[in-house]
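1. coords please:
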Amino acid sequence: MPLLVGAITCCAAVGVAVAQEGAEVTEDLGNLYALARRTTSAGSIIETLLFAGQAIVTDIAVPGPDAGVITGTTGVSPAPGGSARVDAEDLRLGVGPGFGGTWLTGEIVDNYLILHRTRASGPVTHEIFHEGRKVGAVTEVSSSVGAARSTGRNSFVFESTNDRFVVHLTQSDGTRIHATTERGRFSGQVVERVAAAQPPSEPLRGLVKPSTGRNRNGSRDPRSPLSRNRP
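-> Got it, this is the predicted structure:
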């Protein structure tokens, strides 16, 4: 009889572990690309970029202790004394305090896949893929030291010649970045910052008004040239 109880307890424990594993959620990005996410029993999210069903990039995201900040309006609240468990489909682009790892998103532009890598700290990077192969990359920059990340939409233009691939990124703040990859190796990027608008100059104070030929009581000043010239 004790052996039977032990067997039941073991099965129950296995059942709990399986229940904590989240189902894999797959997002079709187009052009044979897909982004799969699966929540582990520890609460982290395994992200996999696939091309034609084959994994080409794998990364991990770890929601912060305050899941409500990350998930927005999902209604997920942290468990007492621990972190709330967040499913992959509930995690949004906005990362909250305590978020770790990298959040992957992707889009198709001109038959290229742009894989966006968003981190809680550090700049956002964009990797460019063509037919399942990485051909270029570019890293965003802040418009000024200490400036917050730009929240608008970026625009991308690609230039491919022989073994040279250039990404022309225009950030929403107007900053332009030209990143070059030659023969599969990143060779650097050039940044063109938007010139800061100069504040309008303050009007000069204490300007001397032109003489009207009159004194304070309204009569003409006999010393004024205007008075002497008039008959």
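
2. okay, V166 and S160: tell me how far apart.
-> Going from V166 to S160 by CB to CB, to the nearest Å gives 8 Å. In short, each C-beta sits where N, CA and C put it, glycine included.

3. look at the two and report which has more neighbours.
-> Using other CB atoms under 10 Å as the criterion, V166 and S160 rank with V166 on top: 19 against 14.

4. each with direction, which strands does the strand or helix carrying that one pair with?
-> Taking DSSP states H and E as the criterion, V166 maps to strand 164-170. The strands that strand 164-170 pairs with in its sheet are strand 155-161 (antiparallel), strand 176-182 (antiparallel) (by DSSP bridges).

5. so for K134, which of these sits nearest?
-> strand 176-182 (8.6 Å; CB to CB).

6. ok, E47 touching T40?
-> No - E47 lies out of contact with T40 (CB atoms under 8 Å); the separation is 11.5 Å.

7. higher neighbour count, those two?
-> Neighbour count, other CB under 10 Å: between E47 and T40, E47 has more, with 21 against 15.

8. who touches that one in this structure?
-> Residues in contact with E47 (CB atoms under 8 Å, 6 or more residues apart in numbering) are L35, A36, R37, T58, D59, I60, A61, A88, T102, W103, L104.

9. pull the most distant pair out of those residues.
-> Maximum pairwise distance among the contacts of E47 (CB to CB): 14.9 Å, between A36 and T102.

10. mind checking which of these two has more residues around it?
-> Higher neighbour count among A36 and T102: T102, with 19 against 16, using other CB under 10 Å.

11. tell me how far that one lies from V124.
-> 10 Å.

12. what residues are shared contacts of those two?
-> With CB under 8 Å, 6+ apart as the test, T102 and V124 both reach R117, T118.

13. what count of nearby residues applies to the nearest residue to L169 once chain neighbours are set aside?
-> In this structure, L169 finds its nearest non-sequential neighbour in I177, 4.5 Å apart by CB to CB, 6 or more residues apart in numbering. By other CB under 10 Å, 20 other residues sit near I177.

14. quick one: I177 and V124, what's the gap?
-> With CB to CB as the criterion, I177 and V124 are 12 Å apart.

15. got it, and I108?
-> 18 Å.

16. the more surrounded of these two?
-> For I108 versus V124, the count of surrounding residues by other CB under 10 Å is larger for V124: 18 against 13.

17. so what's the nearest residue to that one once chain neighbours are set aside up against?
-> Spatial nearest neighbour of V124, chain neighbours left out: E140 (4.6 Å); criterion: CB to CB, 6+ apart. Contact analysis of E140 by CB under 8 Å, 6+ apart lists P123, V124, T125, H126, R149, S150, N154, L169, Q171, I177.

18. for F165, what are its contacts?
-> Per CB under 8 Å, 6+ apart, neighbours of F165: I128, V135, G136, F158, E159, T180, T181, E182.

19. now the buried members of these.
-> I128, V135, G136, F158, T180, T181 (16 or more other CB atoms under 10 Å).

20. any weak-confidence spans in this structure?
-> Applying pLDDT under 70 to the chain picks out residues 1-20, 64-97, 143-151, 196-231.

21. show me how this protein divides into domains.
-> Using automatic domain parsing, the domains assigned to the chain come out as 21-101, 123-195.
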